[in-house]
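*Asks:* below are the sequence and a predicted model for it; my questions follow.
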Amino acid sequence: MKKTEERKWLRTSDDLYEKFAAELESGIETGEKVSSGDQDIKYGIELWRNRLNKKKLGVSYDIIPRGLFADSSHSREWKDEHYSSKVYHRTCRLNKAVYVDGKEVYSNGDNKVMYQTVTDVLDGARVEDDFYCCPNCGANVKIGELVEGCPYCGTFFKMDELYPKVSGYYFISDFGETENELKSEIGKIIWPMIIGFSILFTFVFSVQKNGTGHSLLLSAIPGVLFGFIFGGFLGYILWVYKKLGKLFKEAGKSIVLLSNTAGSNKKFENCMKKYSPEFSFEYFQSKVVSMIRVIVFSDNPVDLPFYTGDGVNGCFDDVIDTDFRGALALRSIKEENGKICAYADAYMINTYERNGKVKRKEEKINVELERRTDIPIDYGFSIKKIQCPGCAGSFDATKNRTCPYCGNSYDIEDMDWVVKSIKIVK
Ligand SMILES: [Zn+2]
Ligand SMILES: [Zn+2]
């Protein structure tokens, strides 16, 4: 294939969208930190890489920019008193491959639109570079560095997000084509047809005219002419037919998705508005998808601080990729005894690997969620040392509910949404 000026999104980019796309690639391929994602996204990708390591799988995950490079355009935007979120999208090609012992066992490539939600604080208070005195050892450390724990004494902190961060992302299929892509795609169908028909007509004419002494060369002139007319015409019809077939198939799927998710937004906001206008469905959707990713890639979900359900019987153990299709259907939402209870279906494409065999499945993941009504969404930046009440040890309680030193369970009291149950529904 011809290589036209290949653009790449870079980790060093000043543009958060491009930075995140590049960090996502290397986070999955090599386990490098995804510093532009929020804490949930970062942890989900870390666990994803762990899963691949555990299964001894190599992957390549390439997001190649193509066509539309909208620099600062965004499709949707919402704001509350303190945060603003914008959804950005650009077209790309997503190429994935899975390797066992260096041998490719699976590959998939598709044109996609990549959506990213970028969340930022409105008042613009950036604390990343502020210094904070570690209450354990007294060292003055930049808050940005404390995310991974105090570099001097290892104390962990529960802190709010250091904005701006990418708080959600997903890919959906892109049927639009750039001019070059269109030309090459039509060409692939039309040229073989033209050549085939030209040979056929040349042959037919030469056989017919043989008695009167026409040479093969003379027959080639009308042969090629007819080849162009018939081959071009039939090739074009075939291309349209193929294209429409694909479009209808995908449109059918989209209609199912749309009809299932219609009204989710309204249902959610009607219920939540009583408590605070700050709750948006978009935030809820990103949060739910991030939590699903973390649970799916966690080897032991019952250890997660935001999961209060039973064990999942290893039903996600073979999942090596989980793609959110951009649609979350809210089945029900209601308040009961100071808690909001919600059921939602997330439309996913899950990729499973077992004994070197890779399979993709379109699946719905049903989650039951709960949130206390008396916990507000946090405003100002807060940072808090995490200390086990049992043994005074410090550990990352945002990732693990039990203390690794004494086994006590530690509750983060101002937990946002928690997942009470999760299952795959067909
Ligand atoms: Zn310290
Ligand atoms: Zn402890």
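*Replies:* Alright, I've got the coordinates. Numbers count the residues shown, from 1 in each chain. Ligands and ions are numbered 1, 2, ... in the order given.
*Asks:* by contact count, what packs against the one helix or strand Y99 maps to?
*Replies:* Here Y99, judged by DSSP states H and E, is contained in strand 83-100. Applying 3 or more C-beta pairs under 8 Å, 6 or more residues apart in numbering; DSSP states H and E, one finds that strand 83-100 contacts helix 16-30, strand 57-65, strand 74-79, strand 103-121, strand 165-173, helix 281-297. In short, each C-beta sits where N, CA and C put it, glycine included.
*Asks:* 6 Å instead?
*Replies:* Strand 83-100 is packed against strand 57-65, strand 74-79, strand 103-121, with contacts defined by 3 or more C-beta pairs under 6 Å, 6 or more residues apart in numbering; DSSP states H and E.
*Asks:* distance from the last one to the middle of the chain?
*Replies:* With C-alpha atoms, centre = their mean, to the nearest Å as the basis, strand 103-121 stands 6 Å off its chain's centre.
*Asks:* one more: the second one?
*Replies:* In terms of C-alpha atoms, centre = their mean, the centre of strand 74-79 is found 18 Å from the chain centre.
*Asks:* who in the protein is up against ligand 1?
*Replies:* When proximity is defined as C-beta under 5 Å from the ion, the chain approaches ligand 1 at C134, N136, C137, A139, C150, Y152, C153, T155.
*Asks:* what backbone torsions are found at the last one?
*Replies:* Backbone torsions for T155, taken as degrees, to the nearest 10, come to phi -70, psi 140.
*Asks:* surely G58 touches V98?
*Replies:* No - with contact defined as C-beta atoms under 6 Å, G58 does not reach V98; the gap is 7.4 Å.
*Asks:* more neighbours: which of those two?
*Replies:* More crowded of G58 and V98, by other C-beta atoms under 10 Å: V98, with 23 against 16.
*Asks:* how many residues are close by the residue lying closest to the more buried one once chain neighbours are set aside?
*Replies:* What sits nearest to V98 in space, not counting adjacent residues and going by C-beta to C-beta, 6 or more residues apart in numbering, is Y106, at 4.2 Å. Look at Y106: counted by other C-beta under 10 Å, it has 20 neighbours.
*Asks:* confirm for me that Y106 is in contact with K96.
*Replies:* No - counting by C-beta under 6 Å, Y106 sits too far from K96 to count as a contact (7.8 Å).
*Asks:* what's next to the helix-or-strand element of the chain with minimal mean pLDDT, contact-wise?
*Replies:* Here the helix or strand of the chain ranked lowest by mean pLDDT, DSSP states H and E is strand 74-79, holding a mean of 77. When contacts are defined by C-beta atoms under 6 Å, 6 or more residues apart in numbering, strand 74-79 is touched by residues S85, K86, V87, Y88, H89, S280, E282.
*Asks:* okay, the angle between that strand and helix 16-30?
*Replies:* In terms of direction (axes from the mean of the first three to the mean of the last three C-alpha atoms, to 10 degrees), strand 74-79 departs from helix 16-30 by 100 degrees.
*Asks:* give the buried residues for strand 74-79.
*Replies:* Neighbour-count burial for strand 74-79 flags H74 (criterion: 16 or more other C-beta atoms under 10 Å).
*Asks:* can you tell me how far the nearest residue to F316 once chain neighbours are set aside sits from G393?
*Replies:* Residue nearest to F316 in three dimensions, not counting chain neighbours: V296, with 4.5 Å by C-beta to C-beta, 6+ apart. The gap separating V296 from G393 is 29 Å, by C-beta to C-beta, to the nearest Å.
*Asks:* neighbour count winner among those two?
*Replies:* Taking other C-beta under 10 Å, V296 and G393 do not tie; V296 has more neighbours (25 against 17).
*Asks:* surely the more buried one touches T322?
*Replies:* Yes - between V296 and T322 there is a contact at 5.3 Å, judged by C-beta under 6 Å.
*Asks:* residue contacts, the closest residue to ligand 2 within the stretch 101-250 of the chain?
*Replies:* Of all residues in the stretch 101-250 of the chain, the one sitting closest to ligand 2 is F156 (12.2 Å; C-beta to the ion). Residues near F156 by C-beta under 6 Å, 6+ apart: G149, I386, S394, F395, D396.
*Asks:* do A346 as well
*Replies:* Residues in contact with A346, defined by C-beta under 6 Å, 6+ apart, are I292, L328, I365.
*Asks:* return the member of those nearest to ligand 2.
*Replies:* The shortest approach to ligand 2 among these belongs to I292, at 29.0 Å (C-beta to the ion).
*Asks:* and that closest one, how many residues sit next to it?
*Replies:* 22.
*Asks:* ok, and for stretch 140-157, which residues are buried?
*Replies:* Under the neighbour-count criterion of 16+ other C-beta under 10 Å, stretch 140-157 has V141, I143, L146, V147, G149, C150, T155, F156, F157 buried.
*Asks:* distance between the ends of that stretch?
*Replies:* In stretch 140-157, first residue to last residue: 14 Å (C-alpha to C-alpha, to the nearest Å).
*Asks:* gap between it and the chain center?
*Replies:* The answer for stretch 140-157 is 29 Å, by C-alpha atoms, centre = their mean.
*Asks:* what does the average pLDDT come to for it?
*Replies:* Here stretch 140-157 scores 91 as its mean pLDDT.
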